[in-house]
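Student: pasted the sequence and its predicted model underneath.
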Amino acid sequence: MIAFLDESFPLPIAFGSRGGPERRTEVVTLASGRETRNARWADSRRRYDAGSGIRSLADLRAVVALFERARGRMSGFRFRDPFDHSSALTGGAPGALNVTLGTGTGSRTRFELVKVYGSGPAAYARVIDLPVAGSLKLAVNGTELPPGGFFFDAATREVVLATAPATGAVVTAGFLFDVPVRFDTDSLDLSLTHFEAGEALQIPLVEIRLGG
């Protein structure tokens, strides 16, 4: 079986979905009333319910078709998070200066693609697996590179520059991206309410990891 289908969950349904990031934190209350807290996960994991995005019988059929191709929970696919799918912190169109990926060494050509939340010691760098084709922009020291000056290596989740930036040169990027998910159920409970209209009580999706 194919572990990941490089196709997208229907966008109109995705943008009516609900959900977001989940973290796993262990909290222990001491006798003094103070707490100790330990992060069980280094990274967040996103969960969604796409049932709220269903608007028609056509929507239901599209979801069922993808469910069958994915064999339920077996294969993953792309999902556009309605709340967080751009490197721009405002959620708008991405720009080549949105995120700093690293600095040049004179020989380094590969930079991990990340979205950074916040700044300073508490900043969180989220690795991006699935940039949207054609949306990726790169700049070196503020000068945007032409499309032929780089490419995205999906196997390593890195952008690869054709020419190594000079030592100390700042490499930045901007992009739209999808989340790799799978269905978190092996059955769909669908209800036909009336002709050409449908309702799905729940269509649970959960984020998966790609590339190990």
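Tutor: Received the coordinates, thanks.

Student: run through the neighbouring helices and strands of the helix or strand containing residue 12.
Tutor: Element membership of residue 12, judged by DSSP states H and E, is helix 11-14. Contacts defined by 3 or more Cβ pairs under 8 Å, 6 or more residues apart in numbering; DSSP states H and E place helix 11-14 against helix 57-70. No exception for glycine: its C-beta is placed from N, CA and C like everyone else's.

Student: quick check: buried residues in the helix it packs on?
Tutor: Neighbour counts over helix 57-70 (16 or more other Cβ atoms under 10 Å) mark 57, 59, 60, 62, 63, 66, 67, 70 as buried.

Student: ok, which pair from these is furthest apart?
Tutor: Pairwise distances across the buried residues of helix 57-70 (Cβ to Cβ) peak at 20.3 Å, for the pair 57 and 70.

Student: sorry, back to before: what's in contact with the helix holding residue 12?
Tutor: Outside helix 11-14, the residues within contact range by Cβ atoms under 8 Å, 6 or more residues apart in numbering are 8, 50, 53, 54, 55, 59, 62, 63, 79, 80, 81, 82.

Student: hmm, 10 Å instead?
Tutor: 8, 48, 50-56, 58-60, 62-63, 66, 78-82, 85, 178-179, 181, 200, 203, 205 (Cβ atoms under 10 Å, 6 or more residues apart in numbering).

Student: ditto for stretch 83-92
Tutor: Under Cβ under 10 Å, 6+ apart, the answer for stretch 83-92 is 14-15, 17-21, 46, 48, 79, 82, 93-99, 113-118, 126, 128, 131-132, 135-137, 172-179.

Student: longest strand in this protein, by residue count?
Tutor: The residue-count maximum for a strand in the chain (DSSP state E) belongs to strand 177-183.

Student: export that one as CSV, just CAs?
Tutor: Provided in CSV are the C-alpha atoms of strand 177-183 (Å, rounded to 0.1, in the frame of the first residue of the first chain):
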residue,chain,number,x,y,z
PHE,A,177,2.1,24.7,3.0
ASP,A,178,-0.2,21.7,3.7
VAL,A,179,-0.3,19.4,6.7
PRO,A,180,0.3,15.6,6.1
VAL,A,181,-2.7,13.8,7.7
ARG,A,182,-4.7,10.6,7.6
PHE,A,183,-8.2,9.7,8.5
